[in-house]
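K.L.:
test case, fold it:
(chains A and B)
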Amino acid sequence: MTPRKKALILPALGRAWLALVLVFLYAPILVMAAMSFNASPFYQLPFEFSTRWYQDMAGNAQILAASLRSVGIAVATTVIATALGTAASVGLFRYDFPGKRFLQVMLFPPIAIPWLIIGTAMLVFFFAIGIGRGTPAVLIGHVALALPYVIVTVTARLSSFDVTLEEAARSLGADGWTVLRRVTIPWIAPGIVAGALFAFAVSFDQFVVSYFLAKPGDSTLPVLIYTAIRKGFTPEINAISTIIIALSMGIMFLAARKARFGGGR
Amino acid sequence: MAELATPADKRRLATLLSPAYLWLTLAVFLPLSAMLFFSFVTDLPQDAPDWAFTLENYGKFLENPVYGKLLWKSLKLAATVTLFCILIGYPCALVLARVIKGRAREVLFLLVILPFWSNSLVRIFSWAIVLRGNGILERTLEAILPWDIRLNLMFTTNAVVIGLVHSYLPYVILTSYLALQAIDDDIIDAARSMGAGKLTILRRLLLPLSLPGLLAGAVLVFVPVVGSFMEPRILGGRVGTYFGTVIEDQFVAVYNWPLGAALSFVLLAVVLLIFALTSPILRKAQT
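P.N.:
Below you'll find the model as predicted:
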């Protein structure tokens, strides 16, 4: 083999490998989605197109209630976590103070400690102080999990912010809040939007913490799906799962475009 | 960045920071402290007035070999999953960072990362649909291969490994890719001009320089897998009993919260040990 040919083989193998990995990542999701349109209740082939499971799902009061609750909690989490997280990012960015490093490290545990530990700890603590299980407990938990993601995303955007812009605005007579509202926030807006989308995804996809904190019969969508899976598989679960995955991938696609990770620097 | 000069600055800083950090304290740090407390009591103080301090919950972990065995089983599972994620994911990151260029790279990178941000429970369920007996995978293989095939993958350890690798693979690709992308092209060109082959460049330059990123990814896979319980439950069936599922049982089925708290803290200790051992490398990966 000539060296030139050899030089072409490795990249070609690499591309093939990448293609295989993409098949591995997407094939099961596509199979699941396809099966939600299959008429057989036992996933039997040959494939016969039907929207029957989507109709069933639309008539299932439990699924509708859980969907509504999940979306409601995700929206509330997004609003609270984005507001508190953006404020904290600006504070961490703007000032130097003793203990700043400690506050930055404090963002790490909610991301890094397995959710099983955090979820069970929240359950124990919320019972001890009287909040107990239920939607308020789930919301408190989701906001805590989403906050570090918002702060990290907004801080990343802030790091490209030119502080002299604030000084210029101030020298032209703008006061602190005007500077924040008219100069700083518009600049970091893409970071805030990306952070908000992350927060929504963290909450909407969250299973483990919701599982420990949701009241039975008052559960979020992922918890309801888990309970249903444990009882046996039905194409109705495929239908609702397909909707969820399409929704969360769509949101993350937008967030990634906003945050512009991976190249484009 | 400004030093805190005036009391007004201090007030503004407190207004900006305290809501987020109070929330984190209430929802994460106080619960973790509370659980540490509960792991040392006989009964929940709000249920039983005659509760007392005890070491018995941790004693049970040491006395009953089942818990130790399950923790070992979870650690082995995490090691297997991490290994596969590295073997599959690192070459992928390498191709993305050093072979593919421009717009295609951006699109492919996004495609790789996207599933990771979608619902993990749903993705595990999708594997259950693929792997189940007489399911899609067996039918497809039957159609391709001339002989009869029975994979019987569902409700095995292999199924659990496949599902977990699928869940966490994007972590390794993401961190390795970021490390590989940061390597200066000039170094590679210099090596090439001095006659280094592709494999030499990989072994002597790319691999060592991206090692912190690769290891960061490995830790990010290993830690959550040790504490996994939903994936083994759905894909493992009867063989899916792990340390995580035992902890789950204490809280949702057996209702022995003090024991569950103690087991959770054993798990947390393992996790912290892993972070402590790898923190020098992780810190390097950050910069």
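K.L.:
could you use CA atoms for every contact and neighbour count after this?
P.N.:
Will do.
K.L.:
what about residue B:53? Give its phi and psi, please.
P.N.:
Dihedral pair for residue B:53: phi -80, psi 150, per degrees, to the nearest 10.
K.L.:
any idea how far residue B:58 is from the residue nearest to it when sequence neighbours are not counted?
P.N.:
Once flanking residues are discounted, residue B:53 sits nearest to residue B:41: 4.4 Å by C-alpha to C-alpha, 6 or more residues apart in numbering or on different chains. To residue B:58, residue B:41 is 11 Å away according to C-alpha to C-alpha, to the nearest Å.
K.L.:
give me the more crowded residue out of these two.
P.N.:
residue B:41 (21 against 18; other C-alpha atoms under 10 Å in any protein chain shown).
K.L.:
wait, what's in contact with the more buried one?
P.N.:
Counting by C-alpha atoms under 8 Å, 6 or more residues apart in numbering or on different chains, residue B:41 touches B:51, B:52, B:53, B:54, B:55, B:57, B:258.
K.L.:
buried ones among those residues?
P.N.:
Among those, the ones that count as buried by 16 or more other C-alpha atoms under 10 Å in any protein chain shown are B:57, B:258.
K.L.:
give me the low-pLDDT residue ranges for the stretch 151-265 of chain A?
P.N.:
Residue ranges of the stretch 151-265 of chain A with pLDDT under 70: A:258-265.
K.L.:
80 instead?
P.N.:
The stretch 151-265 of chain A contains residues with pLDDT under 80 at A:176, A:217, A:233, A:252, A:255-265.
K.L.:
same deal with chain B?
P.N.:
For chain B (pLDDT under 80), the answer is B:1-6, B:43-50, B:116-118, B:133-153, B:281-287.
K.L.:
which residues in it form helices?
P.N.:
Taking DSSP state H as the criterion, chain B carries its helices at B:7-24, B:30-38, B:56-63, B:65-98, B:102-113, B:120-131, B:136-144, B:157-181, B:185-193, B:198-201, B:207-226, B:230-231, B:243-252, B:257-286.
K.L.:
please apply the same query to chain A.
P.N.:
Taking DSSP H, the helices of chain A run over residues A:3-35, A:52-58, A:61-94, A:100-105, A:108-112, A:115-128, A:135-158, A:163-171, A:176-179, A:185-205, A:208-213, A:221-231, A:235-259.
K.L.:
which of the residues in the shortest one are buried?
P.N.:
Taking 16+ other C-alpha under 10 Å as the basis for neighbour counts, the residues of helix A:176-179 that come out buried are residue A:179.
K.L.:
now the first one
P.N.:
Taking 16+ other C-alpha under 10 Å as the basis for neighbour counts, the residues of helix A:3-35 that come out buried are A:11, A:14-15, A:17-18, A:21, A:25-26, A:28-29, A:31-33, A:35.
K.L.:
redo these as CSV? Include pLDDT.
P.N.:
Below are those laid out as CSV (pLDDT from 0 to 100):
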residue, pLDDT
A:11, 81
A:14, 89
A:15, 90
A:17, 93
A:18, 93
A:21, 94
A:25, 93
A:26, 93
A:28, 89
A:29, 90
A:31, 87
A:32, 87
A:33, 88
A:35, 85
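K.L.:
check those residues one by one and keep those near chain B.
P.N.:
Subset of the buried residues of helix A:3-35 in contact with chain B: A:11, A:14, A:15, A:17, A:18, A:21, A:25, A:26, A:28, A:29, A:31, A:32, counting by C-alpha under 8 Å from any C-alpha of the partner chain.
K.L.:
residue A:207: which of those residues is nearest?
P.N.:
residue A:29 (18.0 Å; C-alpha to C-alpha).
K.L.:
got a list of what the residue lying closest to that closest one once chain neighbours are set aside touches?
P.N.:
In this structure, residue A:29 finds its nearest non-sequential neighbour in residue B:126, 5.6 Å apart by C-alpha to C-alpha, 6+ apart. By C-alpha under 8 Å, 6+ apart, the contact set of residue B:126 is A:28, A:29, A:31, A:32.
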